[in-house]
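A.B. asks: just the structure for this:
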Amino acid sequence: MTRSKKGTAARARCLAGLLASVSLAAAGAVCAAQPSRPDFTGVWEVAPSFGGGARGGPPQAPEYNAEYKARHAAIQERIKSGKLDIGALCTPPGVPSVIGMIGLFEILDAPNGLRILYEYESQIRRIYTDGRGHPPEPDPTLNGDSVGRYEGQELVIDTVALKDSTFIENSGLPHSDAMHVVERMRMRGADTLEIAVTVEDPKALTKPYTKTFTANRVPNGVLLDYECNENQRYRINPDGSVSLTMQ
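C.D. replies: I've put the predicted structure just below:
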């Protein structure tokens with residue numbers, strides 16, 4: 001759909017909602033004055049990723065305070081010694097790590113916002129843009145509580161209430177239960193999506209941690225079912241180390 005057709009469709013939806021109470025001329029004037037919102041819907045693929053490695057390169061560690069610097073060092077030592085393989089745990093990565101994981105993701109329109117479906121671990125995020133705020137005491141979850149607002153051609157997504165059992169990225173960057181994630185999503189052309197991520201954590205970080213992702217549109221892309229334990233080749237040994245078996 002071209003940009004002009006998208007704008008025509010948006011004005012048509014607006015007119016339909018106003019015609020019941022105002023004249024056609026007045027409704028047309030109101031809708032014409034409304035700024036068009038960006039259309040993020042579609043299937044996308046991100047590179048590089050938070051996970052580092054071949055897709056993202058060596059991950060850059062955030063600026064931790066002393067306590068979390070020690071935690072980060074301990075996690076990295078377990079990874080190097082083979083006693084921790086985050087991918088082998090088969091647990092969803094959570095926000096913000098899921099943003100850059102391997103696989104496709106799909107953005108869908110919903111009456112009260114957007115839905116983001118991730119192929120990796122079959123995750124779903126609900127981004128509410130209907131004006132609501134965060135609940136006063138939200139229950140911590142892997143993907144947190146997300147509300148969004150439009151600032152011109154950007155969608156700003158604010159996420160809180162994230163479980164501290166996940167990582168800022170899947171190479172093993174820890175965070176506390178006070179982590180706050182802000183994503184700024186905007187189009188960089190018809191088939192390119194940019195997501196700028198800022199992580200704040202007053203209990204763990206001495207300054208915000210930022211990373212920007214570029215996602216490319218995948219025409220006719222289809223998300224496939226993902227089952228981490230299917231044909232699982234990794235085995236967690238009694239000492240906590242991880243080994244690969246081909247049997």
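
A.B. asks: buried residues, stretch 190-205. List them.
C.D. replies: The neighbour-count check on stretch 190-205 (16 or more other Cβ atoms under 10 Å) flags 193, 195, 197, 199-201, 204-205 as buried. From N, CA and C alone the C-beta is placed, and that goes for glycine too.

A.B. asks: which residues does that stretch contact?
C.D. replies: Taking contacts as Cβ atoms under 8 Å, 6 or more residues apart in numbering, the residues outside stretch 190-205 that touch it are 3, 40, 44, 46, 62-65, 67-68, 96, 99, 168, 174-188, 208-217.

A.B. asks: please redo it, this time with the cut-off set to 6 Å
C.D. replies: 44, 62, 64, 68, 96, 168, 175-176, 178-186, 188, 208-215, 217 (Cβ atoms under 6 Å, 6 or more residues apart in numbering).

A.B. asks: now the end-to-end length of that stretch.
C.D. replies: End-to-end distance for stretch 190-205: 36 Å, by Cα to Cα, to the nearest Å.

A.B. asks: can you pull up the most central residue in this protein?
C.D. replies: Centroid-nearest residue in the chain: residue 99, 3.8 Å away (criterion: Cα atoms, centre = their mean).

A.B. asks: SS state for that one?
C.D. replies: Reduced to three states with DSSP: H, G, I helix; E, B strand; the rest coil, the structure at residue 99 is helix.

A.B. asks: okay, it: pLDDT?
C.D. replies: With respect to pLDDT, residue 99 scores 94.

A.B. asks: measure it to residue 218 for me?
C.D. replies: Separation of residue 99 from residue 218 (Cβ to Cβ, to the nearest Å) stands at 16 Å.

A.B. asks: could you do residue 192 as well?
C.D. replies: Distance check for residue 192 against residue 218: by Cβ to Cβ, it reads 12 Å.

A.B. asks: okay, the buried residues of stretch 190-205 in CSV with distance to residue 107 and pLDDT next?
C.D. replies: Formatted as CSV, the buried residues of stretch 190-205 follow (distance: Cβ to Cβ, whole Å; pLDDT from 0 to 100):
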residue, distance to residue 107, pLDDT
193, 8, 97
195, 11, 97
197, 16, 96
199, 21, 97
200, 24, 98
201, 26, 98
204, 30, 97
205, 28, 97
